[in-house]
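Chemist: Sequence below, structure please.
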Amino acid sequence: MAIEIKISLNEGIYLRDPQDSALGRNIIKHSILLIEDIGFESFNFKKLAQEMKSTEASIYRYFENKHLLLIYLVSWYWEWVAYLIKINTLNIDDPKRKLEIIINSFVSASADNPTTDYVDESKLHSVIISEGLKVYHTKEVDEENGKGFFKNYKELITMVAGVITEINPSFEYPYALASNLFEMSNDHIYFAKHLPRLTDIKVGENKYSEVEKMLNYFATNLLR
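Modeler: Sure thing, here's the model as predicted:
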């Protein structure tokens with residue numbers, strides 16, 4: 001049975017942790033659904049308040065702006081993937097098998113965890129694919145990085161890079177490969193759905209086995 005968890009995120013991202021109250025969890029739930037539906041550019045707190053049947057002022061008690069809310073959602077996802085990897089690789093000693101599990105976790109993190117009722121992981125995964133890069137492809141990235149806003153992502157990549165180094169200690173680019181595997185797991189789903197001439201894979205509705213196959217092929221051949 002799935003275990004409900006509380007994700008630990010940088011306190012500078014929010015004014016009040018939305019995980020700690022019913023209203024906050026409702027903000028998370030409806031922001032995911034609304035961003036997935038209309039896109040981040042069209043999303044704002046007025047529309048979110050209308051969806052929630054609440055007020056803009058109540059949302060501003062949790063987040064200063066929609067950019068920080070998006071960082072929160074994406075950071076939640078990064079930490080969720082890291083949690084899945086830790087649980088799924090528990091008691092696994094073979095680093096090659098660990099990397100296979102990591103890649104599987106990258107593409108299967110969209111599976112819904114029914115005990116986290118305020119997060120639809122499938123919808124959140126869709127948000128990550130289409131909007132995730134907007135978190136750190138900004139003019140403020142260095143400042144926000146200095147505040148530790150991307151610590152969850154860096155820790156996730158460090159964990160994966162460690163497994164890559166276990167497989168091949170002489171491989172020169174473990175961090176580059178780790179971040180590429182994660183980004184490719186999302187980019188090629190997006191390409192397959194919207195820009196198919198940029199990829200060789202096809203995906204079904206929440207069925208990403210071909211993405212997993214491609215990532216394993218890519219990693220195995222580089223780490224020979």
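Chemist: use CA for all of it now, contacts and neighbours both
Modeler: Fine.
Chemist: Using CSV, write down the CA coordinates of stretch 116-127.
Modeler: Only the C-alpha atoms of stretch 116-127 are listed here, as CSV (Å, rounded to 0.1, in the frame of the first residue of the first chain):
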residue,chain,number,x,y,z
THR,A,116,-1.7,11.8,-1.6
ASP,A,117,-5.2,13.0,-2.5
TYR,A,118,-4.3,16.6,-3.0
VAL,A,119,-1.7,15.7,-5.8
ASP,A,120,-2.7,14.0,-9.0
GLU,A,121,0.7,12.7,-10.0
SER,A,122,-0.4,12.1,-13.6
LYS,A,123,-1.6,15.7,-14.0
LEU,A,124,1.5,17.0,-12.2
HIS,A,125,3.7,14.9,-14.5
SER,A,126,2.0,16.6,-17.5
VAL,A,127,2.8,20.0,-15.9
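Chemist: And the helix or strand hosting residue 50, what does it pack against?
Modeler: Assigned by DSSP states H and E, residue 50 falls within helix 45-52. With contacts taken as 3 or more C-alpha pairs under 8 Å, 6 or more residues apart in numbering; DSSP states H and E, helix 45-52 sits against helix 22-38, helix 56-60.
Chemist: and of these, who's closest to residue 79?
Modeler: helix 22-38 (15.2 Å; C-alpha to C-alpha).
Chemist: and the closest one, average pLDDT?
Modeler: The average pLDDT within helix 22-38 is 97.
Chemist: List the contacts of the residue nearest the centre of the chain.
Modeler: Central residue of the chain (C-alpha atoms, centre = their mean): residue 77, 3.5 Å from the mean position. Shown in contact with residue 77 (C-alpha atoms under 8 Å, 6 or more residues apart in numbering): 124-125, 128.
Chemist: Now tell me what touches the helix holding residue 50 from outside.
Modeler: Residues from elsewhere that reach helix 45-52 (C-alpha under 8 Å, 6+ apart): 26-27, 30-31, 34, 55-56, 59, 66.
Chemist: And those residues, which of them are buried?
Modeler: By the neighbour-count criterion of 16 or more other C-alpha atoms under 10 Å, the contacts of helix 45-52 include these buried positions: 26-27, 30-31, 34, 56, 59, 66.
Chemist: Out of those, which comes closest to residue 16?
Modeler: residue 59 (10.0 Å).
Chemist: what about the longest helix in this structure?
Modeler: Counting residues, the longest helix found in the chain (DSSP state H) is helix 66-88.
Chemist: Could you measure from the residue lying farthest from the centre of the chain over to residue 160?
Modeler: No residue in the chain sits farther from the centre than residue 170, which is 29.1 Å out by C-alpha atoms, centre = their mean. Residue 170 sits 16 Å away from residue 160, going by C-alpha to C-alpha, to the nearest Å.
Chemist: just checking, residue 70 touches residue 135?
Modeler: Yes. Using C-alpha atoms under 8 Å as the test, residue 70 is close enough to residue 135 to be in contact (6.7 Å).
Chemist: and residue 86, how far is that from residue 103?
Modeler: Applying C-alpha to C-alpha to residue 86 and residue 103 gives a distance of 13 Å.
Chemist: Low-confidence stretches in this protein?
Modeler: Across the chain, the ranges flagged by pLDDT under 70 are 1-5, 112, 114-115, 205-206.
Chemist: And the helices in it?
Modeler: Using DSSP H, helices in the chain cover 22-38, 45-52, 56-60, 66-88, 95-108, 121-131, 141-146, 151-167, 174-194, 209-222.
Chemist: mind listing what's buried in the longest one?
Modeler: By neighbour count on 16+ other C-alpha under 10 Å, the buried set for helix 66-88 is 66, 68-86.
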